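K.L.:
show me how the following folds:
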Amino acid sequence: MARIGLGALLRMTARHHPDRVALIDPADKLNWSSRPAITWTYGAAAEIVDRLARGLRAWRLPPGSRIGLCLPGSAESALALLAVEAAGHTPCLLPVSWDEDTLVAAVQGVGVSAILTQARLGASAPAERICAVAARYFGLRYVAAFGPEVPDGVINLDGMVLDERAAASNVPPSSAPGSIGLVSFASGDPGRPVHRGFGSLVAAATAHLVATRVGPDERILSLIGPHDLRGLATGLAASLVSGAALETLPLFDGAAFASALAREVPTHLVAPGFLEANLAGRALPPTLRSVALAHRAPVRFPNRSRRSDQALRVEAVIDTVAFDETAILSGRRGTARDLALVLASPERLALPDSLIAMSRNQEGRLTFRGQACACVPLHRGIPASEPAEAWRPSPYEPVITAGLATALVAGPAHALDAIP
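P.N.:
Residues are numbered from 1 along each chain as shown. All right, here's what the predicted structure looks like:
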């Protein structure tokens, strides 16, 4: 699994099932991006990724260069990430919500050579913000954006896709070093970059799918941005591993969400954990197979003693917890792998140790090992040297009541008041 990347999964499905739906744009996309909504098949997505990758190789950056992705959760963000990987470079996930100062700190600390972004997102102009970043950091050699109305001096990615000469050119693939992977930021802190191989991301998505059980020709509808492990493992990576379609809603709108949820296709919803109260007790469509409630530690878990009219009316409810960028755990409620049981007793995880294992150290804090959590911090842009089989500590420990984990806290278990 260590050598499996996202692009390989895309190409494999495109080769055998080219007409299967891969990416779905929200119906209201034109309103907030001036770009039309498109439904991409695996075959079409693979072709566009190849064209973008050829254009990126023509920039002649050194193999493994870090290319920032400052994009909302849309088809463009998925295609751009896959293209950067295919070009032999390292995607660096830059949340589109970051302001100019935060972006400057991140790209300087990591050594980003190029950034792919978008001209318009609602009332904001991400491409103009990136131009301001480039004016402050001269190591940023290329700025490119999806249009329309791409600013002067910014490479038009739509033009790159449509350029038949680039599509037909024979630019050889980059020979990337073994350290290629992706860079994200723990707790959204630009000073805490983390490097993870693509094989590790695929492994994390695989472990998540054990709980969610997404099948081919089904759909993942995600409300989580693709700028960290939580968003990618439950979204793009999960869809590519399972052969399913991915639809994201970058700007949440109640009417748009209701319309997307009502589409007649077997659906697995991924939503922030705090939305459980909004969904509980409501009549959800029969096509909704599961709801994955995504949390970030530290977190309080919902009270399991609620009345039936306050519960989620769906086949399966999955709790998913991200431990910063180190690990992500998912468990299906009401089963032996219920996350409340697993966090209280790590031996219940019952997954191959080579995939992911969990234990508690002498201080009671949770530690992780395995391919799904194989990541290292970056120091001055260089991945730390750490054995793949090493236990990776987290600062979190469970609060246990009657054999169930009711919360995850940082530090001593009495520090519940610190949880927002």
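
K.L.:
host element of the residue most central in space within the chain?
P.N.:
Nearest to the geometric centre of the chain sits residue 232, at 1.7 Å (CA atoms, centre = their mean). Element membership for residue 232 (DSSP states H and E) is helix 229-234.

K.L.:
what helix or strand is the nearest residue to residue 183 once chain neighbours are set aside located in?
P.N.:
Among residues not flanking residue 183 along the chain, residue 92 sits closest, at 4.3 Å (CB to CB, 6 or more residues apart in numbering). The C-beta positions use only the backbone N, C-alpha and C, and glycine is treated the same way. In the assignment (DSSP H and E), residue 92 maps to strand 90-93.

K.L.:
helices or strands next to that strand in the packing?
P.N.:
Counting contacts by 3 or more CB pairs under 8 Å, 6 or more residues apart in numbering; DSSP states H and E, strand 90-93 packs against strand 66-69, helix 75-86, helix 100-110, strand 182-185.

K.L.:
re the thing from before, I figured the residue nearest to the centre of the chain hits residue 222, correct?
P.N.:
No - distance between residue 232 and residue 222: 10.1 Å, which falls outside the contact criterion (CB atoms under 8 Å).

K.L.:
anything in contact with each of the two?
P.N.:
Counting by CB atoms under 8 Å, 6 or more residues apart in numbering, residue 232 and residue 222 have no contacts in common.

K.L.:
which residue ranges of the stretch 201-350 of the chain form strands?
P.N.:
Assigned by DSSP state E, counting those that start in this stretch, the stretch 201-350 of the chain shows strands spanning 219-222, 245-248, 267-272, 288-296, 299-300, 316-323, 327-332.

K.L.:
how does the chain divide into domains?
P.N.:
6-194, 197-418 (automatic domain parsing).

K.L.:
dump those into JSON lines; add mean pLDDT as well.
P.N.:
Below are the domains of the chain laid out as JSON lines (pLDDT from 0 to 100):
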{"stretch": "domain 6-194", "mean pLDDT": "91"}
{"stretch": "domain 197-418", "mean pLDDT": "89"}
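
K.L.:
roughly how far apart are residue 38 and residue 391?
P.N.:
Counting by CB to CB, to the nearest Å, the gap from residue 38 to residue 391 is 44 Å.

K.L.:
hmm, back to that, now do the contacts for the residue nearest to the centre of the chain.
P.N.:
Residue 232 makes contacts with 93, 201, 205, 226, as judged by CB under 8 Å, 6+ apart.

K.L.:
and for residue 66?
P.N.:
Per CB under 8 Å, 6+ apart, neighbours of residue 66: 89, 90, 91, 92, 110, 111, 112, 113, 183, 381.

K.L.:
if any of those are buried, give me the ChimeraX selection for them.
P.N.:
The following ChimeraX line selects those of the contacts of residue 66 that are buried, judged by 16 or more other CB atoms under 10 Å:
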select :89,90,91,92,110,111,112,113,183
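
K.L.:
between the contacts of residue 66, which is nearest residue 343?
P.N.:
Distance to residue 343 across these (CB to CB) is lowest for residue 183, with 28.0 Å.
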